[in-house]
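Student: test case, fold it:
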Amino acid sequence: MTAEYKVHGDVAVITMSNPPVNGLGYATRVGITDGLAKALADAAVKAVVITGAGKAFSGGADIKEFGSPKALAEPNLLSVILALEASTKPLVAAIHSVCMGGGLELALGCHYRVAAPGTNVALPEVKLGLIPGAGGTQRLPRVLGVEAALNMIVSGEPVKSERLAGLPGQKLFDKMAASAESVLEEAIAFARDVAAKGGDLPLMRNLPCRHPQGDAYFQFAKNMVGGMSKNYPAPLKCVEAVQAATKMKFDEGMAFERQNFIGLMFTPESAALRHLFMAERAAGKIADVPDDTPQRAVKTVGVIGAGTMGGGISMNFLNAGIPVTILEMKQEALDRGVATIRKNYEAQVKKGKLKPEKYDERMALLKTTLSYDDLKDCDLIIEAVFEELGVKEKVFTQLDAVAKQGAILASNTSTLDVDKIAAFTKRPQDVIGMHFFSPANVMKLLEVVRGAKTGKDVLATVMSLAKKIKKTAVVSGVCDGFIGNRMIEQYSRQAGFLLDEGATPAQVDKAVEKFGFAMGPFRMGDLAGNDIGWAIRKRRSVEQPDMKYSRTADKLCELGRFGQKTGAGWYDYQAGKRDAIPSKLVEDMIAEHRKELGITPRKISDDEIVQRLVYALVNEGAHILEDGIASKASDIDMVYITGYGFPIFRGGPMHYASQQGLFNVVQAMQRFGRNPNDDASFWEPAGLIRKLAAEGKGFDQA
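Tutor: Residues are numbered from 1 along each chain as shown. Modelled structure (predicted):
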């Protein structure tokens, strides 16, 4: 059972027990209503307490049941709450640790609430593109006040129980317990007291709900929320639902909330956010590496290279309280690297995001060295040196000689063969790719590259460590560019062909940014440095001479226009500013190039631009799945959402393609394949796409 029933004298206690957060799954809901029925039928029971076992009261819906018939099976959460409200005996919620979503709505259906300090209280549904659906928008404003409740509902962020208890006039908590350990005992005593006093049992639904400024306040709230959530319908619906609580009778407000909840459930934005919620959890699951795989202890980390990447990587571990030793070849390079780390932390202190004592603690964990010998005791060593196989060989040969047995040796390579790097050592089982994204101290994505001989314990350790340093880790197999960069190459190739055919860099960027990307391909190239792509294309011309590219990017680099760092790339830049100014010189260069090719420029629609760029990602993503480089389509979506600025509200390239219908995607690819200025062989839809399209399925069913 996931809800236990016990009687303590004259008080019955119903304990939700569905780890890890006592999700309100079907069995738990049945257990609560069964327990309540028992308590009501027992004349010796005078009151009832509901609580949660372990480290939560309840975190809300059971994610294991998302989208299944069990999620809606009776008693659903609304029915459970109605049963609680109808109880003729006092009902007290003993809240501790985590009280979120449906868990908070359940507590609001009880007559009284006793809360432990330090409890995280939230209605986070907005983060899944929804509004609370079991009375949260109707009851919380009644017990907390309209403004405080609306702030919680619109942000979805947790608030500590003691902060809520301190709000003037709040009726959310009837008593604050001394601690999480004593909350049940105190709730039982409280229940006995209210039972002994007798009288009417308070229902949240009967409390008044109004705001002194009425409609004027809600108009202000809509203006604020609308401006900040243009691609997301849920936040505005939250405001409307709370406004309904102030204007309608309770049951009408509940019907309004339910109608909006169901309406949002079918929006593409909510589907995308729910997909990503599940995808993030699924990314950590590796089919042949069970959860109980033994892990290696990582208490100290070595980082080779104090440049932009090395410094950023080091900060992740310092932030998590793990000591770091940075190795460089020259003292000035070390000094520069440490100065950058200091500067980054000082900026956080200045903004109030970091306490000065925390800054001191982190810097105290940092050591520097010019000698490989000083890395001999490190549990994990990550190299962040120049992206060239010969350079990596020197580093790993030396690491093999000095690192202790059992140390994990990681490469931050973004494209190179991890198996070749592992072969530079006598311990390939200890070698793994840890591809951080720049700036490494900010970007959430970590591509974990599993070599052919990488030990399962090494993989399990790195995945666990990623959580500790607050990264979203996605496992990739070994191939050129892994998941993200292998796909972005096809995206960039399409961007180049669009220039050949008549588009300008600004038009391509604007179309993609309007679709929701953080940055278009040409602005991205200028930020990263166009010389990086140039080096890859030079390597490609030797390895894959038949790979077709637009020559515009090479011509740009031949002009020395490498991007923001040189003050000129696809765009012009003014000193000290990052504004991308369209360049007449670049547009003339592109026009001249079209003449050389004999191409008459045509008008290209924004829709075509978006489809060619996004479907290029999708087709290559499908090949990556076929090759076994990624184990599931949702992993590819996580890579693109957390590392490449793909719009969150569209759920990642593979989810977006599934939403469009893979039959339609195939039609578009075949159309692009007939374009003489494109690469017809690339647009041959991957076998996986054809198969799923024929079966009427999406990637999530692959």
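Student: please state the offset of the helix or strand hosting Gly496 from the chain centre?
Tutor: Per DSSP states H and E: Gly496 is located in helix 484-501. Taking Cα atoms, centre = their mean, to the nearest Å, one finds the center of helix 484-501 at 26 Å from the center of the full chain.
Student: using CSV, list the CA coordinates for it.
Tutor: C-alpha atoms of helix 484-501 as CSV (Å, rounded to 0.1, in the frame of the first residue of the first chain):
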residue,chain,number,x,y,z
GLY,A,484,25.1,18.4,-30.7
ASN,A,485,27.9,19.4,-33.0
ARG,A,486,27.2,16.6,-35.5
MET,A,487,23.7,18.0,-35.9
ILE,A,488,24.6,21.7,-35.9
GLU,A,489,26.9,21.1,-38.9
GLN,A,490,23.8,20.2,-41.0
TYR,A,491,22.0,23.2,-39.7
SER,A,492,24.9,25.5,-40.6
ARG,A,493,25.2,23.9,-44.0
GLN,A,494,21.6,24.8,-44.7
ALA,A,495,22.1,28.3,-43.5
GLY,A,496,24.9,28.7,-46.1
PHE,A,497,22.8,27.3,-48.9
LEU,A,498,20.1,29.8,-48.0
LEU,A,499,22.6,32.6,-48.5
ASP,A,500,23.6,31.2,-51.9
GLU,A,501,19.9,31.1,-53.0
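Student: which elements pack onto it?
Tutor: Under the contact definition 3 or more Cβ pairs under 8 Å, 6 or more residues apart in numbering; DSSP states H and E, helix 484-501 sits against helix 505-515, helix 521-528, helix 552-558, helix 584-597, helix 606-626, helix 633-643. All C-beta atoms are positioned from the backbone trio N, CA, C, and that covers glycine.
Student: which outside residues touch the last one?
Tutor: Spelled out, that is helix 633-643. Under the contact criterion Cβ atoms under 8 Å, 6 or more residues apart in numbering, helix 633-643 has outside partners 275-276, 278-280, 282-283, 437, 443-445, 447, 472, 474-475, 483-484, 487, 617, 621, 624-625, 630, 646, 648, 651-655, 658, 699-700, 702.
Student: any idea how far it is from the chain center?
Tutor: From the chain centre to the centre of helix 633-643 is a distance of 9 Å (Cα atoms, centre = their mean).
Student: can you check the third one too?
Tutor: Distance of helix 552-558 from its chain centroid, counting by Cα atoms, centre = their mean, is 35 Å.
Student: go on, the first one?
Tutor: Helix 505-515 has its C-alpha centroid displaced from the chain centroid by 24 Å (Cα atoms, centre = their mean).
Student: tell me the buried residues in it?
Tutor: Buried residues in helix 505-515, counted by 16 or more other Cβ atoms under 10 Å: 505-509, 511-512, 515.
Student: again with the shortest one
Tutor: Applying a neighbour-count criterion of 16+ other Cβ under 10 Å, one finds 552-557 buried in helix 552-558.
Student: list just the nearest of these to Thr368.
Tutor: When these are compared for distance to Thr368 (Cβ to Cβ), Cys557 wins out at 34.7 Å.
Student: how many residues are close by Gly307?
Tutor: By the criterion of other Cβ atoms under 10 Å, Gly307 has 15 neighbours.
Student: got the contact list for it?
Tutor: Taking Cβ under 8 Å, 6+ apart, one finds 333, 337, 384 in contact with Gly307.
Student: swap in Tyr644?
Tutor: 484, 488.
Student: neighbour-wise, which of the contacts of Gly307 leads?
Tutor: Neighbour counts for the contacts of Gly307 peak at Ala384, which has 26 neighbours (criterion: other Cβ under 10 Å).
Student: so that residue makes contact with Asn316?
Tutor: No: Ala384 lies out of contact with Asn316 (Cβ atoms under 8 Å); the separation is 11.7 Å.
Student: between these two, what contacts are shared?
Tutor: Among the neighbours of Ala384, those also in contact with Asn316 (Cβ under 8 Å, 6+ apart) are Phe436.
Student: on that earlier part again, closest one to Ser97 out of the buried residues of helix 552-558, please.
Tutor: Checking those one by one against Ser97 (Cβ to Cβ), the nearest turns out to be Ala553, at 53.6 Å.
Student: hang on, that closest one packs against Asn530?
Tutor: Yes: shown here, Ala553 and Asn530 form a contact pair, counting by Cβ under 8 Å, at 6.6 Å.
Student: if you drop the residues flanking it in sequence, what lies closest to Gly31?
Tutor: Spatial nearest neighbour of Gly31, excluding adjacent residues (Cβ to Cβ, 6 or more residues apart in numbering): Ala3 at 2.4 Å.
Student: ok, the residue nearest to Gly60 when sequence neighbours are not counted to Leu123 distance?
Tutor: Computed as Cβ to Cβ, 6+ apart, the closest residue to Gly60 that is not its neighbour in sequence is Gly101, at 2.5 Å. According to Cβ to Cβ, to the nearest Å, Gly101 and Leu123 sit 6 Å apart.
Student: mutual contacts of the two, please.
Tutor: Listed as contacting both Gly101 and Leu123 by Cβ under 8 Å, 6+ apart are 132, 136.
Student: pretty sure Leu150 contacts Val239?
Tutor: Yes: under the criterion of Cβ under 8 Å, Leu150 makes contact with Val239 at 6.7 Å.
Student: for the helix or strand where Lys394 lies, packing partners?
Tutor: Using DSSP H and E, Lys394 falls within helix 389-402. Counting contacts by 3+ Cβ pairs under 8 Å, 6+ apart, helix 389-402 packs against strand 380-383, strand 408-411, helix 418-422.
Student: can you put these in CSV and add mean neighbour count, mean pLDDT and distance to Pro323?
Tutor: CSV is the format used below for those (neighbours: other Cβ atoms under 10 Å; pLDDT from 0 to 100; distance: least, Cβ to Cβ, whole Å):
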stretch, mean neighbour count, mean pLDDT, distance to Pro323
strand 380-383, 26, 97, 11
strand 408-411, 27, 97, 15
helix 418-422, 22, 96, 25
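Student: just put the ones you listed in TSV and tack on distance to Ala61.
Tutor: Converted to TSV, the helices and strands packed on helix 389-402 look like this (distance: least, Cβ to Cβ, whole Å):
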stretch	distance to Ala61
strand 380-383	37
strand 408-411	37
helix 418-422	39
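Student: out of these, flag the one nearest Ala115.
Tutor: Judged by Cβ to Cβ, the one of those that comes nearest to Ala115 is strand 380-383, at 40.8 Å.
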